[in-house]
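Q: Sequence first, predicted model second:
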Amino acid sequence: MTQMKKTAIAEPIGVLCGGFSAEREISLRSGQGVFHGLGDLGYNVQCIDVQSADCAGLIRNSGVRTAFVALHGIFGEDGAVQTLLDALRIPYTGSRAPASQLCMDKQKTKERLIAEKIPVPRGYTLPAGRPAALDGLSFPFVVKPLRQGSSIGMTLVENAAGWVPALNEAGRFDDSVLCEEYLTGPELTVGILDDAPLPVIQVVPQRRFYDTTAKYTPGMTQVLVPAPIEGKLAAQAQTVALKAHQALGCRSFSRVDMILTQHRGPVVLEVNTVPGLTATSLLPKAAAAVGISFSRLCERLLFSAV
């Protein structure tokens, strides 16, 4: 089966990265990682920085026959590039456009998960930049852009003085913001590979919460894999993660972030359809725990295109 898939992807592969979202620099790092990972296995691969006004022309003229989507944020995880690749009839890695669109919108994600009886944080959505009264949330709580990743624009609001600044910060990245209860407990993530859960990871940031600085600064977060939690709790987290992956229609792989709460068990924060593939990224660490090297992980993700 592996040889068959590899033969099917013998033609040029384009690693789509960079782009023009707030996560551009992170995407470039992911793209370089994938480029070298697949190159080490002998694949015919090239990096394509998708920031041209004519993205369709850029991809078409590159001559690639398969796309590895390493674009984070807007245009990469919101279904836009997937819709474009469908129109160009170029097979691509990961989830299809509808699932990507759904997972990018945190409110719609929550609604779907609630319908499937999957626990999510309590909260509500507001228009950005407009004064609003607090509605049922007590301090501290979290404010973040509705459609953004990597904790960009996210603020932990400790008191009333931080409310408006948090709305303004989130509003820099989206016209809608999500306000959610601040949950306490071990912060877990479960990678999904080939539609099956990998070992549970616990992240222990050196900061108050797992923000952008903690995520992408080496040494700022301790990554524990497998997570030092009871076996039955780890199994429960894996079950919840896979159920969320399936409920949202994700394909082949994703990364599900959650908090292990004392009374509600694993509560899903979000589902990432294009997980990071940098030196500090979590999906590669989970794969390594079961003996899958970074290069082979990239290959497995590539196979999702066929």
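A: Great, that's in hand. Numbers count the residues shown, from 1 in each chain.

Q: Which neighbours in the sheet does the top strand by length along the chain have, and how are they oriented?
A: Ordering each strand of the chain by length in residues (DSSP state E) puts strand 196-205 first. The pairing partners recorded for strand 196-205 under DSSP bridges are strand 187-193 (antiparallel), strand 221-224 (antiparallel).

Q: got the buried residues for that strand?
A: Across strand 196-205, burial judged by 16 or more other Cβ atoms under 10 Å covers P197, L198, P199, V200, I201, Q202, V203, P205. (C-beta placed from N, C-alpha, C; glycine too.)

Q: Next: stretch 109-123.
A: The neighbour-count check on stretch 109-123 (16+ other Cβ under 10 Å) flags T109, K110, R112, L113, I118, P119, V120, P121, G123 as buried.

Q: can you check stretch 173-182 too?
A: Within stretch 173-182, the residues that count as buried by 16+ other Cβ under 10 Å are F173, D174, S176, V177, L178, C179, E180, Y182.

Q: what's the distance between the first one and A128?
A: Counting by Cβ to Cβ, to the nearest Å, the separation of F173 from A128 is 9 Å.

Q: Find residues that contact each of these two.
A: Counting by Cβ atoms under 8 Å, 6 or more residues apart in numbering, the residues touching both F173 and A128 are P145.

Q: just to revisit the earlier point, tell me which of the buried residues of stretch 109-123 fall in helices.
A: Counting by DSSP state H, the buried residues of stretch 109-123 place T109, K110, R112, L113 in helices.

Q: Those into a markdown table, with extra columns for distance to V223?
A: Output for these, formatted as a markdown table (distance: Cβ to Cβ, whole Å):
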| residue | distance to V223 |
| --- | --- |
| T109 | 24 |
| K110 | 26 |
| R112 | 29 |
| L113 | 25 |
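
Q: Nearest to V34, out of the strands paired with strand 196-205?
A: strand 187-193 (14.9 Å; Cβ to Cβ).

Q: Dump the closest one to CSV, restricted to CA.
A: Taking Å, rounded to 0.1, in the frame of the first residue of the first chain, the C-alpha atoms of strand 187-193 are listed here in CSV:
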residue,chain,number,x,y,z
GLU,A,187,-3.8,21.3,28.9
LEU,A,188,-3.9,18.4,26.5
THR,A,189,-3.7,17.9,22.8
VAL,A,190,-4.4,14.7,20.8
GLY,A,191,-3.1,14.3,17.3
ILE,A,192,-5.2,12.4,14.8
LEU,A,193,-3.2,10.5,12.1
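
Q: ok, the residue nearest the centre of the chain - contacts?
A: Nearest to the mean C-alpha position of the chain, by Cα atoms, centre = their mean, lies N272 at 2.5 Å. N272 makes contacts with E77, C103, G149, S254, R255, V256, D257, as judged by Cβ under 8 Å, 6+ apart.

Q: and the fifth one, how many neighbours?
A: Look at R255: counted by other Cβ atoms under 10 Å, it has 25 neighbours.
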